[in-house]
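S.K.: Everything below, folded, please.
(chains A and B)
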Amino acid sequence: MIFNTPIFFWFFCIFILFYGFAFLKQTPRLYLILISSLVFYGAWNYAFIPLLVGSGIADYYIAQAIDKSQSRQSKKRWLILSLVINLGILATFKYADFAIESVAQLLAVLGYQASFTTLSWVLPVGISFYTFQSLSYTIDVYRGDMKPRKGLLEFVAALSFFPQLVAGPILRAKHILPQMHAIALPKWNAVKHGFLLITVGLIKKTGADLLAIPVQAAFEAKEALSTLEMWTGVIAFAGQIYGDFSGYTDMAIGLALLLGFKIPLNFRVPYFALSPVDFWRRWHISLSSWLKDYLYISLGGNRNNHRTRNVFLTMLLGGLWHGAAWTFVAWGAFHGSIITATHYLANLKIFSRFNANNSFITKFVKWAITFYLILLGWVFFRATDINSAISIIGNLHAIGTSSVLGLHAWTIFIMTSVWVLLMHVMDYYVIKSADKLEGKTWLFWFLIILGQAICLFIGEPSNEFIYFQF
Amino acid sequence: MSSSTSNFNENKEQVMPDKYVFHKMMLAIVLGMIAAIGLVRVILDLNDANKQGIMGRVAEAQAALPRIIEEPNDLVMFYGSSMTGAGFSPRKFDRDLKAMGKNITSFNFGFGGLNPYFQDLLSRRIAEQFENKDRRLKLALIEFNPFQTTTTRWNRAKFTLDSFITMLASDEELWQITKQDLTRGIRLFNIKYLRNDISAEMVTSFYGREIFPPQRSRAFKDDEQTIADRQTYGKELNELFEKEYPDYEGEDWSYAWQGAGTIPEERSAHTLAVFDKYYAATQTDAQMKNDRLSRIRSADIEELHFEPLLVESFIGIVKNFQRFSDQVEVIMLPKNTRYIHYTPAAKIRLAQTIKQIEEATGIKIKDHQEIEEINPDMFRDTTHLSRYRGDIAYTDFLLKEYTQSLN
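M.R.: Numbers count the residues shown, from 1 in each chain, chains lettered A, B, ... in the order given. Just a heads-up that it's a prediction; the model follows:
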């Protein structure tokens, strides 16, 4: 089920009728959340419900076992079991074919013609999100950061909580489980904020679908395009993926607010970042903080002069998390490289004055360089293969090519750029206005309804959210 | 009940839970959606975005079916794409047959923008109406158009898919879809009953194409004079048409009741002379080459990678017509051999597809693609026959072919 579809609207209305009016006690509400979440997930494919529930049950009991274990050794063994289960599921469904194909390609390069059969299994929706979420629980218990929770129902309901199930944000157990333990009535002000987020998310998603048109034109062009058109395509993709993903999480956070749950922000105006490190503090925050806390720090973090290696490895695996393809590995490696380069340059004396300078011009230069690098990164992310990505990056820097569309090419470029900027302005406004909705006039809420109407009028609901595939 | 556990504001003051929060929420959802959907309907209506506005001639033809069924003469229907629309003249067909003593009323059901999937749905509606009135066609001519049946064509029509389904399918068919796929079914009913048959994709695609022009189809250019002539004569022809047919808009079904255009005998010598000039400025090599490129991009016209679903749909069309027709013929219309050349692989694929259709329907497809009665100068572009030249010549050919069977 996708949020911006009629079936989800009816599903949610029915859910709210029960949630708000029928089951007022804690336990029935938990059952309602769990069953509804499984219906929500099952609408895509019922066959994968056991996988979702099974991995949750396994981690719930593994966390109990970790807590009860007396020795460090024993705790470690239970944690390894959790890692094997979660990463095993991920590896089997998401990476097995990629590994098989890569081995076959490698052997072919070495001159051996081997025939392998790929699994060609369907990738369960949201698998990367819920396995990471579940895994964070056992790791937290292992590290002693939290005590295991009593209540399997709460745990599985939290893991499968439908607003965030299929595309995040990746919730931490310590954040969601206490809320699930004592479900609170939503406050009207939070509900209003929820409605605002849902509308903004819907607008961003609709805008992202519109941007898919120039993106497709640029990345799947059958004829040579001008430099301007290629830049338009790349900026449009930056807007598309941002609008699509942050739009989805806005809706997820908004829906959760309607139910009385608070989910942390997943994006903070990321294209306003002033450095690659800053970008990752603003983009898909729940994933980047997960990778930092559970991977980067586990690798040793900044200690032992291994920061470069650890950053690079973290980003490489972060890239691979997004998809089983070399383009995603390249994207991760690219970000690993630019973060490492940023760290290196920050330590150089000649840049110390530049880094310390907070003037508008310095900030603009920092922003421009960062945005340029992020755009180059998106080329790897979107291109069908590495060769195409390199070719597109070459085209982006080809000088003197003119568009047959003439002035219209500039119009499209400006419209695309303005829309990407507008999405950020909306984001900024929503973050700022979270607790200032009390005194908003009827005109404000009319504009919200108008925004919804525009999204209903246009938009391509048949386009799935890009991040579903991860 | 534990629901009051978190009812503290940021200053740690206890806040009474809002007992009516869900009432307010539901009210907001209901009122918000009514307002939003109401606004959508208003915008759609203001833009004439409805079945009549989008489907145009298809909707008119459907509406005219009761009148067609009541016709006293034997009926002939030519069913197909815009190539049929441009290539068959019912008025000439009937007039010439009458001169031979045969009372036949024929209809041109050639519609642009409908691929075989949509044509299949429409043919079911036609069959239902004929069967309900126990009426039969004397002869059904069905166009098999190879490039309408390609995967490229199918992919490019996807934005219209849901809208066209809701416009052409019955509620029973929508229920069948709902039983197989609840998400899709609810979406289709939503489009049909809440969105005036217009899906969001349809609107997006329309505006999207306006904002982001798709591919360049103007790789070849004519000289300025030719372009100017084209515009001048085109405009003059429109004015002449309105002058010679003042009551044209008054017909229930445009294209003067039977579908497809007028015949040369009805037009003045001056108009026919303007037509000659217009075609001289239109059928230029640059125009044709551009059109060929556009057909390659939009329909895979030279490679012909067939879409299995569309081939199955085409078989469905033939079977639907077999239900209420004495004779069904499947025809491939003439193609512009100067500009359209199938690759060797395309020829093999086409032969396989023809074989599949013939085996499924039991009807031998008549291949009129390269008949000698039609030459490349009789096309207004790379696929459509031109008015007063191509359509007349091809209608003559059909008369020669089928007069015998219309006894």
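S.K.: Now do the same contact list for the nearest residue to B:R267 once chain neighbours are set aside.
M.R.: The shortest distance from B:R267 to any non-neighbouring residue, by C-beta to C-beta, 6 or more residues apart in numbering or on different chains, is to B:E244 (6.7 Å). C-beta: built from backbone N, CA, C; applies to glycine. Neighbouring residues of B:E244 by C-beta atoms under 8 Å, 6 or more residues apart in numbering or on different chains: B:E266, B:R267, B:S268, B:T271.
S.K.: Quick check: mean pLDDT of stretch B:106-120?
M.R.: For stretch B:106-120, mean pLDDT rounds to 91.
S.K.: gap between B:L182 and B:L194?
M.R.: Note on B:L182: its distance to B:L194, by C-beta to C-beta, to the nearest Å, is 17 Å.
S.K.: Show me where the stretch 351-470 of chain A has its helices.
M.R.: A:352-356, A:360-382, A:386-396, A:407-433, A:442-457 (DSSP state H, counting those that start in this stretch).
S.K.: Tell me which other helices or strands the second one touches.
M.R.: Packed against helix A:360-382 by the contact rule (3 or more C-beta pairs under 8 Å, 6 or more residues apart in numbering or on different chains; DSSP states H and E) you find helix A:227-258, helix A:276-282, helix A:326-346, helix A:386-396.
S.K.: ok, now the last one?
M.R.: Here helix A:442-457 touches helix A:188-219, helix B:21-46, helix B:200-211, going by 3+ C-beta pairs under 8 Å, 6+ apart.
S.K.: what does the domain assignment say about the chain?
M.R.: I went with chain A, as the question did not name one. Annotated domains of chain A cover A:24-183, A:189-469 [automatic domain parsing].
S.K.: Chain B was what I was after
M.R.: Residue ranges for the domains of chain B, per automatic domain parsing: B:20-49, B:51-152+B:285-406.
S.K.: who are the neighbours in contact with A:L51?
M.R.: A:I89, A:P124, A:I127.
S.K.: ok, so of those, who is nearest A:I100?
M.R.: Closest approach to A:I100 among those (C-beta to C-beta): A:I89, at 17.2 Å.
S.K.: Select from the helices of the stretch 351-470 of chain A the stretch with the lowest mean pLDDT.
M.R.: Minimum mean pLDDT among the helices of the stretch 351-470 of chain A: helix A:352-356, a mean of 75.
S.K.: To which secondary structure element is residue 96 assigned?
M.R.: The chain I'm using is chain A. Element membership for A:A96 (DSSP states H and E) is helix A:96-109.
S.K.: oops, chain B please
M.R.: Secondary structure assignment for B:D96, by DSSP H and E: helix B:90-99.
S.K.: In the stretch 1-150 of chain B, what residue spans correspond to helices?
M.R.: Assigned helices in the stretch 1-150 of chain B, in chain order: B:21-46, B:51-55, B:57-69, B:82-87, B:90-99, B:116-132 (criterion: DSSP H, counting those that start in this stretch).
S.K.: Mind putting those into JSON lines with mean neighbour count and distance to A:G233?
M.R.: Output for the helices of the stretch 1-150 of chain B, formatted as JSON lines (neighbours: other C-beta atoms under 10 Å in any protein chain shown; distance: least, C-beta to C-beta, whole Å):
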{"stretch": "helix B:21-46", "mean neighbour count": "16", "distance to A:G233": "30"}
{"stretch": "helix B:51-55", "mean neighbour count": "18", "distance to A:G233": "30"}
{"stretch": "helix B:57-69", "mean neighbour count": "18", "distance to A:G233": "36"}
{"stretch": "helix B:82-87", "mean neighbour count": "25", "distance to A:G233": "32"}
{"stretch": "helix B:90-99", "mean neighbour count": "18", "distance to A:G233": "48"}
{"stretch": "helix B:116-132", "mean neighbour count": "20", "distance to A:G233": "31"}
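S.K.: Please give me every residue in contact with the residue in chain A positioned nearest to chain B.
M.R.: Using C-beta to the nearest C-beta, the single residue of chain A nearest to chain B is A:G20, 2.9 Å away. A:G20 sits next to B:V21, B:F22, B:H23, B:M25, B:M26 when contact means C-beta under 8 Å, 6+ apart.
S.K.: just checking, the first one touches A:K192?
M.R.: No. Checked against C-beta atoms under 8 Å, the pair B:V21 and A:K192 is beyond contact range at 10.6 Å.
S.K.: How about the closest residue to chain A within chain B, nearest residue that isn't a chain neighbour?
M.R.: Using C-beta to the nearest C-beta, the single residue of chain B nearest to chain A is B:F22, 2.9 Å away. Leaving aside its sequence neighbours, B:F22 sits nearest to A:G20 (C-beta to C-beta, 6+ apart; 2.9 Å).
S.K.: Name the nearest residue to residue 233, sequence neighbours excluded.
M.R.: I'll assume chain A. Using C-beta to C-beta, 6+ apart, the nearest residue to A:G233 is A:A218, at 2.1 Å.
S.K.: not quite, I wanted chain B
M.R.: The spatial neighbour of B:Y233 that comes closest, neighbours along the chain excluded (C-beta to C-beta, 6+ apart), is B:Y278 at 3.8 Å.
S.K.: Name the residues of whichever strand or helix holds the one you found that come out as buried.
M.R.: Per DSSP H and E, B:Y278 falls inside helix B:269-282. For helix B:269-282, the neighbour count (16 or more other C-beta atoms under 10 Å in any protein chain shown) marks B:T271, B:V274, B:F275, B:Y278, B:Y279, B:A281, B:T282 as buried.
S.K.: residues in contact with A:S160?
M.R.: Counted by C-beta under 8 Å, 6+ apart, A:S160 has contacts A:L34, A:S37, A:L38, A:Y41, A:L52, A:V53, A:G56, A:Y130.
S.K.: buried sites along the helix or strand harbouring the last one?
M.R.: With the criterion set as DSSP H and E, the secondary-structure element containing A:Y130 is helix A:127-143. By 16+ other C-beta under 10 Å, the buried positions in helix A:127-143 come out as A:127-142.
S.K.: now stretch A:129-145: mean pLDDT?
M.R.: The average of the pLDDT scores along stretch A:129-145 is 89.
S.K.: hang on, I meant stretch B:277-289
M.R.: On average, stretch B:277-289 scores 90.
S.K.: And it, end to end?
M.R.: 20 Å (C-alpha to C-alpha, to the nearest Å).
S.K.: Likewise for stretch A:345-359?
M.R.: For stretch A:345-359, the first-to-last residue distance is 19 Å (C-alpha to C-alpha).
S.K.: Show me which positions of that stretch end up buried.
M.R.: Residues A:N355 are the ones in stretch A:345-359 that count as buried (16+ other C-beta under 10 Å).
S.K.: Pipe the domains of chain A into a markdown table and attach distance to B:A36 per row.
M.R.: Formatted as a markdown table, those follow (distance: least, C-beta to C-beta, whole Å):
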| stretch | distance to B:A36 |
| --- | --- |
| domain A:24-183 | 21 |
| domain A:189-469 | 4 |
